[in-house]
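Q: Provided below for reference: sequence and predicted model.
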Amino acid sequence: MKKNIVYIILQLLFALPFFGKAQNNLTLEFNHLVGNKMLVLFDSTYHNSLNEPFVVNKFKYYISNIVVYNKEKKVENNGYYLINTENSNSQTIQLKTATKNIDSIAFTIGIDSAKNAEGIQTGDLDPMNGMYWTWNSGYIFAKLEGQSDSSKAASNYFNYHIGGYKHFENAIQTIYLKVVKPQETIHKIVIDVDVLKWFNGKHSIAINKIANCVQPGNLAKQIAENYATMFSIKAVQ
Amino acid sequence: MRIFFTIILFICFAILGTSFIYIAKYRPTPLKFIVPKGWPKPVYNLKQNPLTVEGFELGRKLFYDERLSKDSTISCGSCHQQFGAFATYDHNLSHGYNNSLTTRNAPALQNLAWQKEFMLDGGVHHLDAQPLAPITAENEMAETIENVIYKLQRDTAYQRLYKAAFGNSTINTQRTMKALSQFMLQLVSNNSKYDRVQRGEDSFNLPQKLGYEIFKQKCVSCHVEPFFTDFTYRNTGMQMDKYLNDVGRMKITSNNNDSLKFRVPSLRNVMITFPYGHDGRFFGLSNVFEHYRSKMQPIATTDTLLKNKLYLSNFQIGQLTSFLYTLTDSVFIKNPKFAPPNFSNKPYEHIH
């Protein structure tokens, strides 16, 4: 009898870390598209609304300050996540949150000024990830690089490095997405991310006029307003 | 049954015991940061990066390690030389990767704990972020952060030093920058003759005394004591160099009012940090004085204090120069603590 009790206690001790885990996980999955085609880096040629052909070589961006709303409350997550199209593991975010009656989510593209002003960070925020300006300290919020026959830059490259957190150049964008068909429990939200919106989300950006945007300022703010429209909820599970 | 309990207990004690051993292993020696008497509190948050002897030593090794550059030829110390108060001695611009030149005169590294922004245009907002700029600049060390970390990670000597400084041998950007900061924070210059006079340990001779009086009338509004800079950005009427096209502070703020503004440099150790000016265009102090009293060309963004230039007589220039000599801190530039590891800068101490 005594022996059994010891076993039970031991088993409980081992099981402790697993308790309550399964039910409270919400996964955000980012699904990258160009218009209605899947995004494939390097190999596929796409066309923007001005019919300029382009190839995408690099596409990554920061998601932070994720807020999940349900009827009663909102749950905030203070993580910073680098979504990188080169790395499929980075395209899902696991959140610990109540999964009942979720009606909307919100998040920021970029890094808030408080975090920007701190020293050097690790993990997704490590400047080693190539999302940091060293000559004018601050994070690059989103990066889209590729080649286009319309580009008038060297090797037909186009480089859009968008960022800026100071008040006069603030390119931070907050995205708010409503769950159209609410379910009682949601474990996964699949979010479509459309690269085409970089060129026509709100302002028209022509690669043959603008092949480079690599510093904070008005142009970066415009492109940020463009890509703020690239997210939509594809499905909930 | 008893044996069973004894085994369980034994295992528990064993686990507890090893954890203590692990904790006991990481005990770095704290290093005190001494704020000189009468100086303000440092701007750098020392709580976020507690100074230790091990962290400082790691930082010093990194500071003098050429492998931080693309072809392993340039270290931080290559352009920030101790005998020149950690500026590049006798160079208007510094030498970078593959015969390139920088676009600005390397500033002296001193009293950085009190400085809020870095680079002559203030583009870098934290001391920990500063080394990333010269490491990645194409005309400086031209390396990527990724490669630097990769090279360090493969060096067992560094693995040991990181473990001693931070508790385990993880080598990442954050720790590398923190260690470099630990070294740079200790670069405090406060032992010049001027400082000794302020502490009542020494006295000025007559030209130095007269020079100090003139300094307090003519220079002190921007070169504020005890740092001899107010850390602001000002246009001193220097025309833009047509090859460098350097707009200064405006590059960071995109504000036309900041055109051709650069940070007021500290005058500490000024005698050994020549040439002068943000691009090193002034060969010596006499060129600087000549600029202020006659050659400058005030434009719209030129500092209001300099709209009518800065009148200085030959006599005043002579006395001012005498005073500026008192700002050279020979204790600082000869302190073996700041020299490359295993380097003796005392050649007269030969042991036969």
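A: Yep, that arrived.
Q: please identify the buried residues of stretch B:209-229?
A: B:210-212, B:214-215, B:218-219, B:222-223, B:225-229 (16 or more other C-beta atoms under 10 Å in any protein chain shown). Bear in mind the C-beta positions are built from the backbone N, C-alpha and C, glycine included.
Q: by contact count, what packs against the strand ranked longest in chain A?
A: Secondary structure of chain A per DSSP state E: the longest strand is strand A:53-70. The contact analysis (3 or more C-beta pairs under 8 Å, 6 or more residues apart in numbering or on different chains; DSSP states H and E) places strand A:53-70 against strand A:25-34, strand A:46-47, strand A:74-84, strand A:92-96, strand A:102-109, strand A:138-147.
Q: within range of chain A, give me the residues from chain B.
A: With the criterion set to C-beta under 8 Å from any C-beta of the partner chain, chain B comes near chain A through B:1, B:4, B:8, B:48-49, B:119, B:123-129, B:132-133, B:135-137, B:145-146, B:149, B:172-174, B:177-178, B:251-255.
Q: how about the contacts made by the residue sitting nearest the centre point of chain A?
A: The centre of chain A sits closest to A:Ile63, judged by C-alpha atoms, centre = their mean, with a distance of 4.0 Å. For A:Ile63, the contacting residues are A:Phe30, A:Tyr80, A:Tyr81, A:Ile83, A:Ile93, A:Phe107, A:Thr108, A:Ile109, by C-beta atoms under 8 Å, 6 or more residues apart in numbering or on different chains.
Q: now do B:Leu132
A: Taking C-beta under 8 Å, 6+ apart, we find B:Leu132 in contact with A:Ile120, A:Pro127, A:Tyr132, A:Thr134, B:Ile145, B:Thr173, B:Met177.
Q: try 7 Å
A: Each residue near B:Leu132 by C-beta atoms under 7 Å, 6 or more residues apart in numbering or on different chains is listed here: A:Pro127, A:Thr134, B:Ile145.
Q: same check, this time on A:Thr229
A: A:Lys197, A:Gly201, A:Lys202.
Q: which SSE is it in?
A: Secondary structure assignment for A:Thr229, by DSSP states H and E: no helix or strand.
Q: just the pLDDT at it, thanks.
A: A:Thr229 carries a pLDDT value of 97.
Q: what's around the nearest residue to B:Leu285 once chain neighbours are set aside, how many residues?
A: Using C-beta to C-beta, 6 or more residues apart in numbering or on different chains and skipping the chain neighbours, the partner closest in space to B:Leu285 is B:Thr321 (6.0 Å). B:Thr321 is flanked by 18 other residues according to other C-beta atoms under 10 Å in any protein chain shown.
Q: same check on A:Phe42?
A: Applying other C-beta under 10 Å, we find 10 residues neighbouring A:Phe42.
Q: how many neighbours does the closest residue in space to it that isn't next to it in sequence have?
A: Spatial nearest neighbour of A:Phe42, chain neighbours left out: A:Asn57 (5.9 Å); criterion: C-beta to C-beta, 6+ apart. Number of residues near A:Asn57 (other C-beta under 10 Å) recorded here: 16.
Q: so A:Asn57 makes contact with A:Leu41?
A: Yes - between A:Asn57 and A:Leu41 there is a contact under C-beta atoms under 7 Å: 6.3 Å.
Q: ok so, going back, give the PyMOL command for selecting the buried subset of the contacts of A:Thr229.
A: Only the buried entries of the contacts of A:Thr229 go into this PyMOL selection, using 16+ other C-beta under 10 Å:
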select buried, chain A and resi 197+201
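Q: closest one to chain B out of the contacts of A:Thr229, please.
A: Relative to chain B, the closest of those is A:Lys202; by C-beta to the nearest C-beta it sits at 21.2 Å.
Q: residues in contact with the closest one?
A: Taking C-beta under 7 Å, 6+ apart as the criterion, A:Lys202 is in contact with A:Glu225, A:Asn226, A:Thr229.
Q: adding secondary structure and distance to B:Thr156 as columns, could you present the contacts of A:Thr229 in JSON lines?
A: As requested, the contacts of A:Thr229 are exported to JSON lines (DSSP: H, G, I helix; E, B strand; the rest coil; distance: C-beta to C-beta, whole Å):
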{"residue": "A:Lys197", "secondary structure": "helix", "distance to B:Thr156": "49"}
{"residue": "A:Gly201", "secondary structure": "coil", "distance to B:Thr156": "51"}
{"residue": "A:Lys202", "secondary structure": "coil", "distance to B:Thr156": "53"}
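Q: what is the nearest of the contacts of A:Thr229 to B:Asn205?
A: Nearest to B:Asn205 among the contacts of A:Thr229, counting by C-beta to C-beta, is A:Lys202 at 69.0 Å.
Q: count of residues packed around B:Phe118?
A: 21.
Q: what does the one 4 residues further on give?
A: Close neighbours of B:Gly122, defined as other C-beta under 10 Å, add up to 24.
Q: could you report the pLDDT at it?
A: 96.
Q: show me where pLDDT drops low in chain B?
A: Counting by pLDDT under 70, the ranges of chain B that qualify are B:1, B:12-25, B:344-352.
Q: tell me where it has strands.
A: B:233-234, B:262-263.
Q: can I get these in JSON lines including mean neighbour count?
A: Shown next, in JSON lines, are those (neighbours: other C-beta atoms under 10 Å in any protein chain shown):
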{"stretch": "strand B:233-234", "mean neighbour count": "20"}
{"stretch": "strand B:262-263", "mean neighbour count": "23"}
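Q: need the residues of chain A near chain B, please.
A: A:2-3, A:117, A:119-122, A:126-128, A:134-137, A:169, A:217 (C-beta under 7 Å from any C-beta of the partner chain).
Q: which one of the buried residues of stretch B:209-229 is nearest to chain A?
A: Nearest to chain A among these: B:Thr229, at 20.2 Å, using C-beta to the nearest C-beta.
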